[in-house]
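A.B. asks: need a 3D model of the sequence below.
(chains A and B)
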Amino acid sequence: MFVNQFLFLAAVLFCIGVYGVIARKNAVLMLMSIELILNSVNINLLTFAMRNGSTDGHTFALYIIAVAAAEVGVGLGLVLLVYRNKKTISVDELSEMRG
Amino acid sequence: MQTLNIFAAQWVAPTIDYFGLAPELVLAGGLCLVLMLDLFIDERKKWMLTAITSFTLLAAMVPVLMLALSETEVRTMFDGRYVVDNFSLVMKAVFLLAGYVVVLLSSSHIEEGEYWRGEYWFLLLTSLLGMLMMASSRDLVSIFVALEFLSIPAYMLAAWRKRDPKSNEAGVKYFLLGVFASAVMLYGMSLMYGVANSTLLTEIGAKITATGEFSAVHALAVVFVVVGFAFKVSAVPFHTWAPDTYEGAPTPVTAFLSVASKAAGFVALVVLLYTAFPLAQDIWQPFIWVLSALTMTIGNVLALKQHNIVRMIAYSSISQGGFVLMPLAVAGLAGSGTTALRSVVLYMIVYAATNLGVFAIILAVANKTRSGEISSYGGLFSYAPTLGVLMTLFLASLAGIPPLGGWIAKFVAFQSLIQSQSTWGYALAFVGAVNSVVAFGYYGNVMREIWMRPVPDSDTTLISVPGSLKLALVITAGATLVFGILPGVGLQFADLAEIAGAIIR
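C.D. replies: Just a heads-up that it's a prediction; the model follows:
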């Protein structure tokens, strides 16, 4: 089994995702970066489940997929709300409150 | 595929203990009822939804009390993945009562400005259901699902006033940082599953014990999971969402987030530390030590320079979170596990009562002044003496002045640090002591406004306090006083709270 390669792929995806969340200022791109992290988690879980021969990882991954869908639904709704009120989705311009 | 088939052949339906699940079932039934009724009833009868929500919360208290009195100490379901023990029952009671007080705070507030009531109650109940599940979850999967269950409705509640840019901003900031933190936490959980080959917390605990050595993967897994919950309890440096979200969200929602949501984060953190990695304390003890010291100090320093009362309370609640974390920094040392657990539970109970009281006063005063500035509290005592005295009481309790609830909570937290008899414990107790003094700076500032300053614009029209707020004030002020004057009451609940299957040293 190429366990290490899968884990390495997941680690790379995780790092790209974290970089994306920190560096990007566009709310939708930040959401996409978070999805990358969640997918890296799924790859990790499935790799470990295959290696160890247990089903817990498969179950966990299914739950993550379902919950991630719900999260994106709420997230895009919130972004839409901001766009309607402010005509921008840049996180930098969300600065009503300071201090 | 082979393994999957084998597991499929072995599968038997789990037995479900419906009595143990009764509080969750009552809440689930209530929230479905609220959602369906909201569709069908007339706009003028929407007040019924408020009543149904509060009845649901009180009705869910009944099975919690019956479970607490029943002879079976610990009920486990699904191979120990869902456990009803004394710790979870105490926390469930705290969540339900805090939820009830939040309903009292909300009922007059959310009617302003044409917002939709039904969904508000539905989201509130859903979030509370997630918290109840969190208290019983003893498995990575169910902890994750419970966390999202309580967070996703909370993101929507923060953005409740959808035409107000401040509320939008509060929701988006909370959402982006919250989802990011839970993604990082999940990465930690996936590594933990890889190490232990199980998602059951007790098995993870046993696997990490077996070798006695920790590799980088263990450390990464533990730290990432703790970071996920450090966000939820707004520990510095993962607190950046808290002040903006607390200020922008509707005030009752802020009360809910700063009390119930924070307590839920602590519940999960405590369960993980005590059952999943009790023997990895070399990894998490220093980490929590740093988090706690930073949280207390930075929360306090930033609170000192605030002019808006809600924002000041936001920073104050960040620094209170540091005090809750304080005993956990020594929880892995021999002999201090039990006292640390007791102190965390007591602090959460007392903090919930006191902080909800502060928010009840903020809502009552904002009814008249329509302002969030601390200066708008000037001369409050001269025209609304009851509110002035109660606000002083709550702030003094937060500052830890005897004989109020906050005092005994702080006392027990310091006691557990001193009892650990370690340099780390003494050092953190010192940091905590300095911070308790600093904290009086901003609590005292509000008290000075209330008692000594003139009324702004000499506007001394009386404040009309709605009945629901009065009831909330009676409950919270009563609890704050009782916990302080009779410390045994709070300590009794804290002593009851034992986590089944925890390895306590």
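A.B. asks: ok, the nearest residue to A:G75 once chain neighbours are set aside - contacts?
C.D. replies: Counting by CB to CB, 6 or more residues apart in numbering or on different chains, A:G75 lies nearest to A:L31, which is 5.2 Å off, once chain neighbours are set aside. Glycine gets a C-beta too; all of them are placed from N, C-alpha and C. Listed by CB atoms under 8 Å, 6 or more residues apart in numbering or on different chains, the contact set of A:L31 reads A:72, A:75-76, A:79, B:176, B:179.
A.B. asks: swap in B:S151?
C.D. replies: Shown here is B:S151, whose contacts under the criterion CB under 8 Å, 6+ apart are B:127, B:130, B:178, B:182, B:232, B:261.
A.B. asks: closest to chain A among those?
C.D. replies: Distance to chain A across those (CB to the nearest CB) is lowest for B:S182, with 8.3 Å.
A.B. asks: now for residue 86, how many residues are close by?
C.D. replies: I went with chain A, as the question did not name one. One way to gauge burial is a neighbour count; for A:K86, by other CB atoms under 10 Å in any protein chain shown, it gives 15.
A.B. asks: that answer is for a different chain, and I need it for chain B
C.D. replies: The criterion is other CB under 10 Å. On that basis, B:N86 has 18 neighbouring residues.
A.B. asks: against chain A, how distant is it?
C.D. replies: Distance check for B:N86 against chain A: by CB to the nearest CB, to the nearest Å, it reads 28 Å.
A.B. asks: residue contacts, that residue?
C.D. replies: Contacts for B:N86 were tallied using CB under 8 Å, 6+ apart; they are B:68, B:73, B:496-498.
A.B. asks: tell me which parts of the stretch 201-350 of chain B are close to chain A?
C.D. replies: B:243-244, B:247-248, B:305-306, B:308, B:311 (CB under 8 Å from any CB of the partner chain).
A.B. asks: buried subset of those?
C.D. replies: With neighbours counted by 16 or more other CB atoms under 10 Å in any protein chain shown, these contain buried members at B:243-244, B:247-248, B:306, B:308, B:311.
A.B. asks: next, B:A13: secondary structure please.
C.D. replies: The assignment at B:A13 comes out as coil when based on DSSP: H, G, I helix; E, B strand; the rest coil.
A.B. asks: give me phi/psi at it?
C.D. replies: With angles defined as degrees, to the nearest 10, B:A13 shows backbone torsions of phi -60, psi 130.
A.B. asks: now B:Y82
C.D. replies: Here the main-chain torsion angles of B:Y82 (degrees, to the nearest 10) amount to phi -130, psi 110.
A.B. asks: once you drop chain neighbours, what's closest to it?
C.D. replies: Taking CB to CB, 6+ apart as the measure, B:Y82 lies nearest to B:S136, with 5.3 Å between them; neighbours along the chain are not counted.
A.B. asks: against A:S33, how distant is the one you found?
C.D. replies: Distance check for B:S136 against A:S33: by CB to CB, to the nearest Å, it reads 33 Å.
A.B. asks: ok, those two, which is more surrounded?
C.D. replies: When B:S136 and A:S33 are compared for neighbours, B:S136 comes out ahead with 27 against 21, by other CB under 10 Å.
A.B. asks: so what's the closest residue to chain A within the stretch 401-505 of chain B closest to, chain neighbours aside?
C.D. replies: Chain A sits closest to B:Y442 of the stretch 401-505 of chain B, with a gap of 13.5 Å, by CB to the nearest CB. Taking CB to CB, 6+ apart as the measure, B:Y442 lies nearest to B:A303, with 4.9 Å between them; neighbours along the chain are not counted.
A.B. asks: how close does that neighbour sit to B:F95?
C.D. replies: Here the distance between B:A303 and B:F95 works out to 26 Å (CB to CB).
A.B. asks: do the same with B:A276
C.D. replies: Looking at B:A276 against B:F95, where the rule is CB to CB, the gap reads 22 Å.
A.B. asks: so where's chain B uncertain?
C.D. replies: Low-confidence regions of chain B, defined by pLDDT under 70, span residues B:1-4, B:7, B:111-116, B:209-214, B:500-501, B:503-505.
A.B. asks: okay, strands next: where are they in it?
C.D. replies: Secondary structure of chain B (DSSP state E): strands at B:75-77, B:82-84.
A.B. asks: residues near B:L380, how many?
C.D. replies: Applying the criterion other CB under 10 Å, we find 26 residues in the vicinity of B:L380.
A.B. asks: surely it meets B:M391?
C.D. replies: Yes - contact between B:L380 and B:M391 holds when scored by CB atoms under 8 Å: they sit 7.0 Å apart.
A.B. asks: now do the shared contacts for the two.
C.D. replies: Overlap between the neighbourhoods of B:L380 and B:M391 consists of B:I450, taking contacts as CB under 8 Å, 6+ apart.
A.B. asks: quick one: the helices in chain A?
C.D. replies: Defined through DSSP state H, the helices belonging to chain A, from first to last, are A:3-23, A:27-52, A:56-86.
A.B. asks: and the second one, average pLDDT?
C.D. replies: Meaning helix A:27-52. Regarding helix A:27-52, the rounded mean pLDDT is 91.
A.B. asks: for it, list every residue counted as buried.
C.D. replies: Residues of helix A:27-52 classed as buried under the neighbour-count rule (16+ other CB under 10 Å) are A:27, A:30-31, A:33-49, A:52.
A.B. asks: and what of the longest one?
C.D. replies: Buried positions in helix A:56-86, judged by neighbour count with 16+ other CB under 10 Å: A:56-58, A:60-61, A:63-64, A:67-68, A:71-72, A:74-75, A:78-79, A:81-82.
A.B. asks: again, but for the shortest one
C.D. replies: Of the residues in helix A:3-23, those buried by neighbour count under the rule 16+ other CB under 10 Å are A:6-7, A:10, A:13-14, A:17-18, A:20-21.
A.B. asks: and it, what other elements does it pack with?
C.D. replies: Using 3 or more CB pairs under 8 Å, 6 or more residues apart in numbering or on different chains; DSSP states H and E as the contact test, the elements touching helix A:3-23 are helix A:27-52, helix B:165-196.
A.B. asks: residues touching B:V431, list them.
C.D. replies: B:293, B:296-297.
A.B. asks: most neighbours, which of those?
C.D. replies: Each of the contacts of B:V431 was scored by neighbours using other CB under 10 Å; the highest score is B:M296's, at 28 neighbours.
A.B. asks: and the closest residue to that one other than its chain neighbours, how many neighbours?
C.D. replies: Leaving aside its chain neighbours, B:M296 sits nearest to B:G322 (3.4 Å; criterion: CB to CB, 6+ apart). Burial of B:G322 is recorded as 27 neighbouring residues (other CB under 10 Å).
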